[in-house]
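Undergrad: Turn this into a structure:
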Amino acid sequence: MTDALFFAGNVDVPIGGVVHLDGPEGRHAATVRRIRVGETVLLADMFGSAIRGATQCVGPDFIDVRVDEQLRESSRAHRWVAVQALAKNGRDEQAVEAMTELGVDEVVAWQASRSVVEWRGAEKQAKSLAKWASTAREAAKQSRRFSVPGIDLVTTVKLCGRISSAAQAFVLHESATEFLDAQTMVPSGEVMFVVGPEGGISPEELATFEAAGAKPVLVADHVLRTSTAGVVALAQLQAMAHGVSA
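TA: Residues are numbered from 1 along each chain as shown. Sure thing, here's the model as predicted:
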């Protein structure tokens with residue numbers, strides 16, 4: 001079985017040193033996961049670095065881990081940014097979870113004109129973003145990722161600015177005439193893809209995104225749920241990227 005992973009504040013410790021894990025993560029490791037002395041675990045800093053080592057000491061709310069191996073996530077030429085429209089019944093959170101497992105670098109929440117769900121007010125936005133961040137964090141741990149995707153919130157105007165600055169941008173839309181996997185992938189840089197809500201992206205929003213430089217594409221023969229479309233798109237983009245680097 002794969003070693004359990006926990007997030008630590010600092011893993012910049014030399015081989016043979018000891019990392020002390022306390023706080024909520026230490027308590028979870030000691031009392032929920034019941035890590036035992038001698039058991040090997042992974043400790044990551046959430047930014048791509050980690051250590052693997054044997055547990056030296058276990059307390060009621062901490063574990064001490066000897067650094068046996070220093071690890072680092074492989075660098076990639078592309079940075080994957082998913083723009084996920086707010087959706088009802090937790091489908092947007094499902095998308096965050098699955099795309100995190102697959103390797104997305106950032107998930108941007110977007111209040112589309114046809115989104116049923118609305119994040120009104122600063123308090124609601126902060127609470128909802130924190131929930132998305134927690135979902136991404138737990139999905140990263142489950143999939144043994146050393147980094148956690150960034151979470152942000154944009155308006156349509158701000159989103160257009162991000163589309164313009166991206167190396168490549170796509171909009172998943174049923175009116176498109178070309179498939180995503182038929183496109184030519186840029187050799188490197190930020191690649192953004194926009195996923196609409198249950199009611200779809202409006203014609204006005206689509207036109208705005210196209211004017212900013214995004215290309216409408218299809219990712220399947222049929223219309224996918226908002227919780228599924230981004231996952232399929234990311235998988236296709238990653239396969240395309242492998243083709244570029246091969």
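
Undergrad: residue contacts, residue 212?
TA: The contact partners of residue 212, taken as Cβ atoms under 8 Å, 6 or more residues apart in numbering, are 160-161, 163-164, 169. Just so you know, the C-beta spots here come from the backbone N, C-alpha and C atoms, and that holds for glycine as well.

Undergrad: Equivalent analysis for residue 27, please.
TA: Per Cβ under 8 Å, 6+ apart, neighbours of residue 27: 60-62.

Undergrad: mind redoing it with 10 Å?
TA: 21, 59-63 (Cβ atoms under 10 Å, 6 or more residues apart in numbering).

Undergrad: Put the buried members of the contacts of residue 212 into a ChimeraX selection.
TA: Here is the ChimeraX command that selects the buried residues among the contacts of residue 212 (16 or more other Cβ atoms under 10 Å):
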select :160,163,169
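
Undergrad: Against which helices or strands is the helix or strand harbouring residue 231 packed?
TA: Applying DSSP states H and E as the criterion places residue 231 in helix 226-245. Packing partners of helix 226-245 (3 or more Cβ pairs under 10 Å, 6 or more residues apart in numbering; DSSP states H and E): strand 78-85, helix 91-102, strand 168-172, strand 189-195.

Undergrad: Can you list the strands that the first one pairs with?
TA: Strand 78-85 has the following sheet partners, assigned by DSSP bridges: strand 106-110 (parallel), strand 189-195 (parallel).

Undergrad: Any idea how far the shortest one is from the middle of the chain?
TA: Relative to the centre of its chain, strand 106-110 is centred 9 Å away, using Cα atoms, centre = their mean, to the nearest Å.

Undergrad: low-confidence ranges in this protein?
TA: Counting by pLDDT under 70, the chain has low-confidence residues at 1, 245-246.

Undergrad: Recalculate using a threshold of 90.
TA: 1-2, 9, 198-199, 242-246 (pLDDT under 90).

Undergrad: What are the structural domain limits within it?
TA: If you go by automatic domain parsing, the domain ranges for the chain are 4-72, 78-245.

Undergrad: circling back to that earlier point, relative to residue 117, which of the strands paired with strand 78-85 is closest?
TA: Residue 117 sits nearest to strand 106-110 of all the strands paired with strand 78-85, at 10.0 Å, using Cβ to Cβ.
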